[in-house]
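Q: just coords:
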């Protein structure tokens with residue numbers, strides 16, 4: 001491995017205290033949700049799952065919406 005050549009890398013900024021003070025951590029991933037989802041495991045009947053999945057993609061989102069309406073109405 002070649003040794004570091006300061007002449008070759010002269011365009012790099014100096015890594016002094018002033019440079020390091022201006023650095024901020026990089027944000028990674030998607031932003032935090034206001035109301036994050038919670039992962040749970042339930043075991044519904046096979047017929048129920050077959051019916052829900054048979055209605056197309058995003059069935060879990062639709063189930064969540066129905067449950068949210070029931071909770072808001074005080075039915076469950």
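A: In hand now; what should we look at? Worth saying up front: this structure is predicted, and the values here are computed from it rather than measured.

Q: residue 28: how many residues sit nearby?
A: 5 (other CB atoms under 10 Å). In short, each C-beta sits where N, CA and C put it, glycine included.

Q: give me the phi and psi for it.
A: Dihedral angles of residue 28 (phi, psi; degrees, to the nearest 10) stand at phi -120, psi 150.

Q: cool, and residue 52?
A: Residue torsions, per degrees, to the nearest 10, at residue 52 are phi -60, psi -50.

Q: which stretches in the protein count as helices?
A: 17-21, 46-54, 59-72 (DSSP state H).

Q: let me have those helices in TSV, adding mean pLDDT as columns.
A: Formatted as TSV, the helices of the chain follow (pLDDT from 0 to 100):
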stretch	mean pLDDT
helix 17-21	88
helix 46-54	95
helix 59-72	95
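
Q: Throw the ones you listed into a markdown table and include distance to residue 28 and mean neighbour count, thanks.
A: Conversion of those to a markdown table gives the following (distance: least, CB to CB, whole Å; neighbours: other CB atoms under 10 Å):
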| stretch | distance to residue 28 | mean neighbour count |
| --- | --- | --- |
| helix 17-21 | 20 | 8 |
| helix 46-54 | 33 | 10 |
| helix 59-72 | 26 | 11 |
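
Q: mind pulling up the pLDDT for the spatially most central residue of the chain?
A: Per CA atoms, centre = their mean, the C-alpha nearest to the average position across the chain is that of residue 30, at 4.7 Å. On pLDDT, residue 30 comes in at 87.

Q: please report how far it lies from residue 36.
A: Separation of residue 30 from residue 36 (CB to CB, to the nearest Å) stands at 11 Å.

Q: which neighbours do these two have in common?
A: By CB atoms under 8 Å, 6 or more residues apart in numbering, residue 30 and residue 36 have no common neighbours.

Q: can you list the helices of the chain in a markdown table and add distance to residue 11?
A: Shown next, in a markdown table, are those (distance: least, CB to CB, whole Å):
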| stretch | distance to residue 11 |
| --- | --- |
| helix 17-21 | 14 |
| helix 46-54 | 57 |
| helix 59-72 | 51 |
